[in-house]
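Colleague: Test case, fold it:
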Amino acid sequence: MRDTGHGVGRIGRRGFVTAAAGVVASVLAADAATAVAGHGAPRRELRGMWLATVANRDWPSQRGLTAARQRAGLLKHLDTAVARRLNAVIFQVRPTADALWPSPYEPWAECLTGTQGKNPGWDPLGTAVREAHARGLELHAWFNPYRVANHTDRSRLARTHPARVHPGWVVPYGGKLYYNPGLPEVRRFVQNAMLDAVRRYDIDAVHWDDYFYPYPVAGKAFGDDAAYARYGGRFRDRAAWRRDNTDRLVRETGERIKKIKKHVRFGVSPFGVWRNAATDPAGSDTRAGVQTYDDLHADTRKWVRKGWIDYIVPQLYWLAQPLDLRVPANYTVLVDWWADVVRGTGVDLYVGEALYKVGDPAQPKGWQNPAELSRHLDICAKYPEVKGNIYFSATEIASDPLGAVAIISERYRREG
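Modeller: Coordinates of the predicted model:
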């Protein structure tokens, strides 16, 4: 889910330093007032963690465990969330076009038994919903719409996998397999597969991450020529057609969720930069090597403004540090930008936090500070538009690198 090692683009405009420094200065200036006045009345915030199953990142700890051991491991993660004073778990239930529930559309997930399509002997999603709610936790079902496999060998997929039954739906790219977003039948199918879980279970939300069209791979072209020739004639270029394909998936899914269960929310967690200001004056004062609008063909800002989603969780996986033109982005600058995007729209803003970077010696020095993520909460507190924070991911919530989670948990305890 979290591709954060993208290249850094050039500085594109002279105003970057002045504008970004102004945002940082305004937040720092507000610190003194906050210290005197306090944070005011406690807000009902969403305090969540992602629980990733792809490649057994967080759970199950390994493939092929008994149903009892899998269940025990899942419940331990839920108990840890409660102990850390979180109130939501974002549970990955469709990691690679397979399912963590008995789906009529797709095979059982490989991450459970090691064999895609093999019944694990229990219902992980059903159990997660029931046990999360029993603990006072929200359960957001996290789906990846288009990823089929983290390899290109179709023979490794379950015999009945739709990607084998409909080989024309699939595009190999960058060593992985993806469903082709440009095919109307694919968009309808992936919606049907995901919405089956909405019908069956009392989930609180449908949640997507940052994968729409895949992240660019240098020197590789995504093979959708035939689909573009058939469906792209009215668009000015292929990029506009691809963005429309993604728009359709988002808009249609949101509409269908509300028709099935009006109370179920729909949220997206995109890469944190929509567009750099050097590319578009409406963009953020960043220099990220990836821009969701241009590279993933995901116009995340539009989805907020149109009200197609209920919440957005930009992955702001950067430090809140003094302005440094050598880094692609600044946490403070991006919180300010996203707060402005959601203001007045009715769409809730939660901030995605890079807990997995804390204490990692391969990361910049600022990530060795156990209070970095608590500083992020100080910044978010300045913005009424920020309604909470979500941490990647459950493994680090449990392991508590550098004691950073303990700091956050104590803060949550004090704030209520």
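Colleague: Please report how far W367 lies from H161.
Modeller: 39 Å (Cβ to Cβ, to the nearest Å). Placement of C-beta: from N, CA and C, glycine included.
Colleague: What count of nearby residues applies to G307?
Modeller: 12 (other Cβ atoms under 10 Å).
Colleague: let me fix that: M194
Modeller: If we define neighbours as other Cβ under 10 Å, then M194 has 24 of them.
Colleague: Angles on the backbone of the nearest residue to it once chain neighbours are set aside, please.
Modeller: Spatial nearest neighbour of M194, excluding adjacent residues (Cβ to Cβ, 6 or more residues apart in numbering): F143 at 4.7 Å. Main-chain dihedrals, F143, degrees, to the nearest 10: phi -120, psi 150.
Colleague: what's the answer for the one 5 residues further on, then?
Modeller: When quoted as degrees, to the nearest 10, the phi and psi of V148 stand at phi -100, psi -40.
Colleague: Can you give me every residue that contacts the closest residue to it other than its chain neighbours?
Modeller: With sequence-adjacent residues excluded and distances taken as Cβ to Cβ, 6+ apart, V148 is closest to L177, at 3.9 Å. Residues counted as contacts of L177 (Cβ atoms under 8 Å, 6 or more residues apart in numbering) are 147-149, 151-152, 154, 163, 170-171.
Colleague: Would you mind giving those as CSV with secondary structure and pLDDT added?
Modeller: Shown next, in CSV, are the contacts of L177 (DSSP: H, G, I helix; E, B strand; the rest coil; pLDDT from 0 to 100):
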residue, secondary structure, pLDDT
R147, strand, 97
V148, strand, 98
A149, strand, 97
H151, coil, 97
T152, coil, 97
R154, helix, 96
A163, helix, 97
V170, strand, 98
V171, strand, 98
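Colleague: Confirm that the residue nearest to V148 sits in a strand.
Modeller: Yes: under DSSP: H, G, I helix; E, B strand; the rest coil, L177 sits within a strand.
Colleague: Before we move on, what's the pLDDT of it?
Modeller: Per-residue pLDDT puts L177 at 98.
Colleague: Tell me what it is bridged to.
Modeller: A149, P172 (DSSP bridges).
Colleague: Number the residues from 5 up from this point.
Modeller: Will do, 5 is the new start, and the previous item becomes L181.
Colleague: separation between it and A92?
Modeller: 31 Å.
Colleague: hey, C-alpha coordinates of stretch 371-379 in PDB?
Modeller: Extracted in PDB, the C-alpha atoms of stretch 371-379 (Å, rounded to 0.1, in the frame of the first residue of the first chain):
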ATOM      1  CA  TRP A 371      11.900   9.900  12.300                       C
ATOM      2  CA  GLN A 372      14.200   8.900  15.200                       C
ATOM      3  CA  ASN A 373      12.300  11.400  17.400                       C
ATOM      4  CA  PRO A 374       9.600   9.400  19.400                       C
ATOM      5  CA  ALA A 375       7.500  12.600  19.700                       C
ATOM      6  CA  GLU A 376       7.300  13.300  15.900                       C
ATOM      7  CA  LEU A 377       3.800  11.900  15.500                       C
ATOM      8  CA  SER A 378       2.600  13.700  18.600                       C
ATOM      9  CA  ARG A 379       3.800  16.900  17.000                       C
END
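Colleague: which parts of that stretch are buried?
Modeller: By neighbour count on 16 or more other Cβ atoms under 10 Å, the buried set for stretch 371-379 is 371, 373-374, 376-377, 379.
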